[in-house]
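Undergrad: just the structure for this:
(6 chains, ligands or ions: 3)
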Amino acid sequence: MKYIIAIIRPHKLEDVKRELDIEEVHLMTVSEVVGCGRQKGVTRVYRGVKEVDNLMKKIKLEIAVNEAFVEKTIAAITRGARENETGDGKIFVIDLQECVRISSGERGGAAIG
Amino acid sequence: MKYIIAIIRPHKLEDVKRELDIEEVHLMTVSEVVGCGRQKGVTRVYRGVKEVDNLMKKIKLEIAVNEAFVEKTIAAITRGARENETGDGKIFVIDLQECVRISSGERGGAAIG
Amino acid sequence: MKYIIAIIRPHKLEDVKRELDIEEVHLMTVSEVVGCGRQKGVTRVYRGVKEVDNLMKKIKLEIAVNEAFVEKTIAAITRGARENETGDGKIFVIDLQECVRISSGERGGAAIG
Amino acid sequence: MNAGDTAWVLASTALVLLMTPGLAFFYGGLVRKKNVLSVLMQCFFLICLISLQWVLFGYSLAFGPTRGGVIGGLDWAGLRGVGAAPFADYAGTIPHQLFMAFQMMFAIITPALMIGAFAERIRFSGFMVLMILWSTLIYDPLAHWVWGNGGWLKNLGTLDFAGGTVVPVKAGVAALVVAVLIGKREGIRSPRSPHNLPFCVLGAGLLWFGWFGFNAGSALAANGSAVGAFVTTNTAAAAAGLAWMVLDWWFNEIPTMLGVVTGLVAGLVAITPAAGFVSPLSAIAIGTGAGAICFYMVTKVKAALGYDDALDVFGVHGVGGVFGALATGLFAEKSIGGADGLFFGNPRQFLIQLLATGVTIVFTAAGTYILFNLVDLLVGIRVDVKEETMGLDLSQHHESGYTLVD
Amino acid sequence: MNAGDTAWVLASTALVLLMTPGLAFFYGGLVRKKNVLSVLMQCFFLICLISLQWVLFGYSLAFGPTRGGVIGGLDWAGLRGVGAAPFADYAGTIPHQLFMAFQMMFAIITPALMIGAFAERIRFSGFMVLMILWSTLIYDPLAHWVWGNGGWLKNLGTLDFAGGTVVPVKAGVAALVVAVLIGKREGIRSPRSPHNLPFCVLGAGLLWFGWFGFNAGSALAANGSAVGAFVTTNTAAAAAGLAWMVLDWWFNEIPTMLGVVTGLVAGLVAITPAAGFVSPLSAIAIGTGAGAICFYMVTKVKAALGYDDALDVFGVHGVGGVFGALATGLFAEKSIGGADGLFFGNPRQFLIQLLATGVTIVFTAAGTYILFNLVDLLVGIRVDVKEETMGLDLSQHHESGYTLVD
Amino acid sequence: MNAGDTAWVLASTALVLLMTPGLAFFYGGLVRKKNVLSVLMQCFFLICLISLQWVLFGYSLAFGPTRGGVIGGLDWAGLRGVGAAPFADYAGTIPHQLFMAFQMMFAIITPALMIGAFAERIRFSGFMVLMILWSTLIYDPLAHWVWGNGGWLKNLGTLDFAGGTVVPVKAGVAALVVAVLIGKREGIRSPRSPHNLPFCVLGAGLLWFGWFGFNAGSALAANGSAVGAFVTTNTAAAAAGLAWMVLDWWFNEIPTMLGVVTGLVAGLVAITPAAGFVSPLSAIAIGTGAGAICFYMVTKVKAALGYDDALDVFGVHGVGGVFGALATGLFAEKSIGGADGLFFGNPRQFLIQLLATGVTIVFTAAGTYILFNLVDLLVGIRVDVKEETMGLDLSQHHESGYTLVD
Ligand SMILES: Nc1ncnc2c1ncn2[C@@H]1O[C@H](COP(=O)(O)OP(=O)(O)O)[C@@H](O)[C@H]1O
Ligand SMILES: Nc1ncnc2c1ncn2[C@@H]1O[C@H](COP(=O)(O)OP(=O)(O)O)[C@@H](O)[C@H]1O
Ligand SMILES: Nc1ncnc2c1ncn2[C@@H]1O[C@H](COP(=O)(O)OP(=O)(O)O)[C@@H](O)[C@H]1O
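TA: Ligands and ions are numbered 1, 2, ... in the order given. Below is the predicted model of the structure:
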């Protein structure tokens, strides 16, 4: 099992979800983060004083999947999130040792979906 | 050492904390997320138009523990979070390689608690 | 590759970022969390009734780095975040299996920076 | 008719209307995020509902030609005969319809005050039915007794400048009854932090602003009495805010924002029946007293008794109102409002105040008890646990106050 | 000059000024977080812009000595001759300058109403130019026709108590034209949850409060007519809020907060032209009708036609305004405002209302169409996709409404 | 006594009261999340504190029978003799107590304006003591000099329509002194994004609304002078908002929301002393000048000098106020307010304005310097670093503005 963390542009969330649905990946956890990346930050003006802020608003997805789904998930996220420009985001894949469904107590691959 | 991530229902936070306290697991990091799961979403109405939103508010817990505490922690979260229904949430367990306490520089199992 | 998660005091974010910049670690993802630690909580008063709240506001950093950067990153965070007191926070290091840059499709160590 | 008086009462009526949105934010900021809309919704529903009820028959029941001092007749239903000409028995220098509109705003905010008591757990349908009945069967008769031409408490000589008996006492007592009957919130072991304290402060600011209309408008003219009520209102609110602050400091080492706004609202409540009858210095005494007594109620007595009056409607409005109604009987001065209180040599006035307050309490408590049980039986007043934990915004209104991700 | 009348119109003018910030929050709460400032900014820009335009030449164009019933001359530019003395043709008991200021607030809020239609996708520079032109070339002439001394629609005998034709109809129609021409928002497939519904409710509360100045202030005196308008305004808003609530319940099983505030705004819009001409009971009918018709427009017709009027300016203001203007021709009563409508035996009035509304619609639609294309050509009205997805706050103003981490 | 005048001044007094909550939000939105309550708290504390101080002795010190033109006697302490009868030397057509209440609101907002300067780092106890002393020892005497019957600056013939010298100049200068003495905030290297810019805009909206009471209410009657002040107030605010916007565009490529609201507040400040003395066209000049000068101060001068005036109280209120006080001596017209300024042939008036402003600056700066050091010695004015990094809400009030998880 793998734990996939993806950082994407905020307005791409719907597109990514649609692509994931196509791949039958329906479960995920979503949160708002700010990201500091290669992407040039945004200019902000505060009472006539200008400065550059390199923390950009992003969306973070966390998706636990069985091995068989890893590449499909990566591909789906990439399809949904890509604008072919710096700032599109990253996908990180971490090894997942155990997964427990709280309601049933099921464990492992059975609990993931 | 393990890094445990749990997604629970928002109103179960206090119960889970109480159960964790009993198991002597006092340290954790908490955040608000939205989750998309098997749970049927909520109906929303916007100016007379109805739609279903499948992103539900959840609480995410992150708890780093020594091996000896892993099962106790899972059990405690389960006890506190369970309503025996879809939507109760999930627990994910990831291998943790290193842990550093910033104030003292301690590392490993000693730094975790 | 490693996935580093650090929990720090909110007002230390700028200092930590400055130290990381010195080490040439520029990319990261930041979010607000609340932490429950060894640190004594804060007193709150609600209409004359006093109670202690042990959930403190913290900042969470997530930084994916190549092996060569792991210790440098830990050191930089420690330098920036340290007040030598309980509540300074923790750094967790997790093994990272894969990293994908969405815009280019690059993978692995090349995608991380 | 006097254009100056009309101008002031028009402005006052608008100010009192604004109090209910102000109250909505005062309460809305205090509840948890998942219930903020339910509180706002209940407030706005009441504005809409009572605005119609009052025009259709409520005004007539409360202020119409009396039927034996007990209730007004339906002669003025649909505002028949309530037009631009002044009705001298109520207000000789402004259009009768303006007096009606001013009173309407009071009829709106009284039940709205109760919302804090049963917040976070009431079913919206049950709430609606309860409010329709309560306004008609409890508010309107009591308003008639105290303010209506020929009302029996009015005939006794009760002093109630701007409705301190009718409005806060009634709301506070009814709130307590409902809070006890509906039961405690699920899983609330300790006070929950307000989800948005600035909203609560905004609401308090709007309430203070609007209360000038409430009290100084009750002079129904732009005259010295209005000015006097304006000054006592401001003074009592300030004194009560400071009183709470000092007590907070004393007992909890630190002054709190919520304490100051709670205190000032208690002061506004307490000065209401007294506003046009007492001196500014007496207003300091009334405000200080109100701040202190309400502090004691909310921090000590409530904890001891263990009822879950979520936002302290009883502790602040009920107790503050009773205190104010009685204080009017103590501090009133003939040279200011035409009648003396106990401290100025007229113990009889204090007894009348005691009687009026007692009658209000008993009638309201009994009536609310009956109505609650009736509505609970017919419609159900409490949401089920699922709906409660999910939050009333989603379960009762299919909406959320804020987006989490957008 | 009458001090009482002056006092009321001063207060009313301040109240109407407050409506635009109220509207800013009503709209601002509904958009996504990343666009909240753009909405507030557009509203405040209009307050500043029109305040100057009106003083410099707008008032003179709209109300100055007529040039053939079509437009005012520039005789009063820079407020030359518009001073403390009353100008009896407009208002005999208050300073002429006060009448000017009161009308200014109307000239501000009318274009502000349109903001909701093209929210989340308009370029700020294009918006600015469009608004300057629109106010001068569309608003001012139309205001002259309906309200100006010698204006041709006024001469026909059009009834428009507080500008229901000039203000909401015009804004609503122009909003529709712009919404259609500017095109749909990017990637909005279904309605987006309001990012801060309490802000929207706050805005609605301030709008209701301010609307008393709008309608009751339009009597330009503190008299029975002002009181009548005050009461019908409140009543219609309440009825429309309840009507929407009931329909929400009927079609979606549950009443919503956004529904109630949308409904009440529709009611306020619809009663505006009728406020001083109809009875409180007719106001109930008008409010209920407005709530129902706007509900139908927003939920059914809009979906069917598929234009992206982001915050339903046309559905609520345009449609509510047309309905109100026509309803005035139905429900007006001679005993209240001096003229009878169809239901009181005077079909001619209804035809006049129909004509005035029709003229407003045609002139506004055509003029807005031309101006839009002109400005789009010269400056560009729509932001590019990057700017839109980033949000207008960052792309147009280099600011964010809220901090994410601080 | 005149009911119309009384009605308007009653409404104005309520409007000015609302300005302080408005200011609280204007400032509160700009600070970081962890300090929002501390700002609101300081504002509400001042409302409560000064309301009592003024009734007890402040009014008497400022407006009581003069002791040699320097200070009022305590004859009116506790409002002895300040009743419903007008006091003709101040205002002949409204109750004396109303004049007192109107002035009270000015005494409240003046110290409240200073809060922005030392925001995010002041100890609440030190703040309290400083404010009590400052109000009594600096505000009250200065108010006496400029406005009090027999005050020496008043006798010189200083023009100050609505307190532009007393209120913003004083607050701005004192703010600068405290900001310099208290030192910079910890770890603030660059301006921090406002945590809730919509709150700031809400505050600006309420300030604009309330300022009509401040300026037009200062006519103390519902007459042409009030109307004139109303119009110049609105015009100057609009011009200043636009001026800032244009400069923002010029220097930073884009107009900002914070810029517009900052500008309009600068305009409101600058027009205050001039409101009833100048024409609307002069108001455009004053507003534009204020916007430009304050822009320059805040963006260039402040950065060059390096003091940490957290929310630009000096740059906006101090500088705007000085500019306005002097501009009054330039633009005043006899036909409007009874006195001519330099541009209308009366250079003497400009010199008087210069003197009055100079005296205000010197007296305020010196007095504030002494009081600051005194209070710092006795109570301590700055929080320690721990408390500051934790945020004042938690450290000074044991509360948080918002819940993080609920
Ligand atoms: N090494 C990293 N560790 C943690 N987060 C990262 C890392 N690299 C990128 N991110 C996240 O991904 C977002 C996009 O990264 P960025 O460098 O702007 O885009 P791209 O890699 O597509 O050019 C960043 O804002 C940050 O949140
Ligand atoms: N595979 C997964 N990856 C990431 N998050 C998940 C996954 N499965 C569940 N979750 C999280 O857990 C929450 C509860 O899941 P859900 O399927 O509704 O409940 P249950 O598994 O108890 O039936 C979801 O809202 C989501 O946040
Ligand atoms: N074992 C843990 N698992 C998850 N989060 C932790 C753990 N230990 C500490 N934290 C996070 O780190 C923060 C600081 O921890 P704390 O014990 O207060 O400080 P310190 O370890 O420096 O004494 C906590 O608020 C919490 O968010």
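Undergrad: quick check: residues of chain A near chain C?
TA: A:2, A:5-8, A:31-38, A:55, A:58, A:60, A:74, A:77-78, A:81-95 (Cβ under 8 Å from any Cβ of the partner chain). (Each C-beta comes from the backbone N, C-alpha and C, glycine too.)
Undergrad: show me which of those residues are buried.
TA: Buried subset of the residues of chain A next to chain C (neighbour count, 16 or more other Cβ atoms under 10 Å in any protein chain shown): A:2, A:5-8, A:31-37, A:55, A:58, A:60, A:74, A:77-78, A:81-83, A:87-94.
Undergrad: and chain B, which of those residues reach it?
TA: By Cβ under 8 Å from any Cβ, the members of those lying near chain B are A:Ser31, A:Ile94.
Undergrad: among the buried ones among the residues of chain A next to chain C, which are in strands?
TA: Members of those lying in strands (criterion: DSSP state E): A:2, A:5-8, A:31-36, A:58, A:60, A:89-94.
Undergrad: in this structure D:Pro168 contacts D:Val319, no?
TA: No - if you go by Cβ atoms under 8 Å, D:Pro168 and D:Val319 don't touch, sitting 9.2 Å apart.
Undergrad: higher neighbour count, those two?
TA: When D:Pro168 and D:Val319 are compared for neighbours, D:Pro168 comes out ahead with 32 against 28, by other Cβ atoms under 10 Å in any protein chain shown.
Undergrad: if I look at the more buried one, how far off is C:Gly89?
TA: According to Cβ to Cβ, to the nearest Å, D:Pro168 and C:Gly89 sit 49 Å apart.
Undergrad: what of D:Thr360?
TA: D:Thr360 sits 57 Å away from C:Gly89, going by Cβ to Cβ.
Undergrad: and stretch D:103-110, which residues are buried?
TA: Using 16+ other Cβ under 10 Å as the test for burial, stretch D:103-110 gives D:Gln103, D:Met104, D:Met105, D:Phe106, D:Ala107, D:Ile108, D:Ile109, D:Thr110.
Undergrad: and D:Val201, that's in a helix?
TA: Yes - inclusion of D:Val201 in a helix is indicated when DSSP: H, G, I helix; E, B strand; the rest coil is applied.
Undergrad: I'd assumed D:Ala290 was in contact with D:Leu247.
TA: No - D:Leu247 is not in contact with D:Ala290 according to Cβ under 8 Å; the separation is 12.0 Å.
Undergrad: neighbour count: those two, which is higher?
TA: D:Ala290 (32 against 20).
Undergrad: can you read off the pLDDT for the closest residue in space to A:Gly80 that isn't next to it in sequence?
TA: Distances taken as Cβ to Cβ, 6 or more residues apart in numbering or on different chains put A:Val16 closest to A:Gly80, at 3.4 Å, once the chain neighbours are dropped. Note on A:Val16: pLDDT of 96.
Undergrad: element containing A:Val16, please.
TA: Secondary-structure assignment from DSSP states H and E places A:Val16 in helix A:13-22.
Undergrad: what's the neighbour count on D:Ala285?
TA: D:Ala285, neighbours per other Cβ under 10 Å, totals 18.
Undergrad: flag every residue of chain A that's near chain B.
TA: A:3, A:17, A:26-31, A:62, A:64, A:94-103, A:105, A:111.
Undergrad: in ChimeraX, how would I select just the buried ones from these?
TA: Provided next is the ChimeraX selection string for whichever of the residues of chain A next to chain B are buried by 16+ other Cβ under 10 Å:
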select /A:3,17,27,28,29,30,31,62,64,94,96,97,98,99,100,101,102,103,111
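Undergrad: just the ones of the residues of chain A next to chain B in strands?
TA: Judged by DSSP E, the subset of the residues of chain A next to chain B located in strands is A:3, A:28-31, A:62, A:64, A:94-95, A:98-101.
Undergrad: thinking again about what came up before, which one of the buried residues of stretch D:103-110 is nearest chain E?
TA: Closest approach between these and chain E, by Cβ to the nearest Cβ: D:Met104, at 7.5 Å.
Undergrad: thinking the residue nearest to A:Gly80 is in contact with A:Ala76, fair?
TA: Yes - at 7.2 Å, A:Val16 counts as touching A:Ala76 under the criterion of Cβ under 8 Å.
Undergrad: just send the ones in strands among the residues of chain A next to chain B back as CSV, with distance to chain D and pLDDT too.
TA: Putting these into CSV (distance: Cβ to the nearest Cβ, whole Å; pLDDT from 0 to 100) gives the following:
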residue, distance to chain D, pLDDT
A:Tyr3, 20, 98
A:Met28, 12, 96
A:Thr29, 11, 97
A:Val30, 6, 97
A:Ser31, 7, 96
A:Glu62, 13, 98
A:Ala64, 19, 97
A:Ile94, 22, 98
A:Asp95, 27, 97
A:Glu98, 28, 97
A:Cys99, 24, 97
A:Val100, 22, 97
A:Arg101, 20, 96
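Undergrad: which among these are in contact with ligand 3?
TA: Among those, no residue lies close to ligand 3 (Cβ under 6 Å from any ligand atom).
Undergrad: closest to E:Val385 out of those residues?
TA: A:Val30 (23.2 Å; Cβ to Cβ).
Undergrad: all set now, cheers.
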